[in-house]
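A.B. asks: the following block contains a protein sequence and its predicted model.
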Amino acid sequence: ETIKELKEICQPHRTKPQRPRDFGYLKHRELSIYITKVILKLAGTKIKPNHISIFNIFFGLIILLLLAITEDRLFLIVLLFLFYFSFLLDKVDGEIARYQRAITLRGVYLDEIYHLFVQNGLILAVAVNRDFLALGITGFFLLFLVRYLNKIRYFIYAKYKTDRNKF
């Protein structure tokens, strides 16, 4: 498939900005679709979305560990680029899941694990690197709370709308 065809399959509801903050999100999607195309071309249906998710969790955690302990500025910059690649891989697993029509609860769970430990872990890794451990732990847990309190709010709202429509 062409990139345009892949976008229609893998990013059907992710092509038009709904809010101003969606602009950056869509730019990341512009890059991730190329990685998706390469992976599909090399591995075809042999690779499953959950394989990418599991790889990405471990890849991201290794990057965070190295970010926390490195003192070399050039290596730090390389690690930040690798972290961004991990961020793009987080998009790729979902795109491949939609391409293969293989969206599972396990895949959603792995995605949440990545968001919790890897994306939120960036602030902790940088804080540890700069000897601000207490600040890093605080930041990590604040990001955790914001993310999951927001999810709980949406769950309650959806439940309310569902229950209200029954009557």
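C.D. replies: Cool, the structure landed.
A.B. asks: in contact with the residue nearest to residue 48 when sequence neighbours are not counted, which residues?
C.D. replies: Nearest residue to residue 48, sequence neighbours excluded (CB to CB, 6 or more residues apart in numbering): residue 102, at 6.6 Å. C-betas here are computed from N, CA, C, even on glycine. By CB atoms under 8 Å, 6 or more residues apart in numbering, residue 102 lies in contact with 48, 49, 96.
A.B. asks: now those: which count as buried?
C.D. replies: 48, 49, 96 (16 or more other CB atoms under 10 Å).
A.B. asks: number of nearby residues for the closest residue to residue 117 other than its chain neighbours?
C.D. replies: Excluding the flanking residues, the one nearest residue 117 by CB to CB, 6+ apart is residue 61, at 6.7 Å. Per other CB atoms under 10 Å, the neighbour tally for residue 61 reads 16.
A.B. asks: quick one: contacts of the helix or strand where residue 61 lies?
C.D. replies: Using DSSP states H and E, residue 61 falls within helix 49-69. Residues outside helix 49-69 that contact it (CB under 8 Å, 6+ apart): 39, 75-76, 79-80, 82-83, 86, 89-90, 92-94, 96-97, 100, 102-104, 106-107, 110-111, 113-114, 117-119, 121-122, 124-126, 128-129.
A.B. asks: tell me what the one helix or strand residue 29 maps to is packed against?
C.D. replies: Assigned by DSSP H and E, residue 29 belongs to helix 22-43. Packing partners of helix 22-43 (3 or more CB pairs under 8 Å, 6 or more residues apart in numbering; DSSP states H and E): helix 3-10, helix 73-100.
A.B. asks: enumerate the positions of the shortest one that are buried.
C.D. replies: Same thing as helix 3-10. For helix 3-10, a neighbour-count test (16+ other CB under 10 Å) marks 6, 7, 10 as buried.
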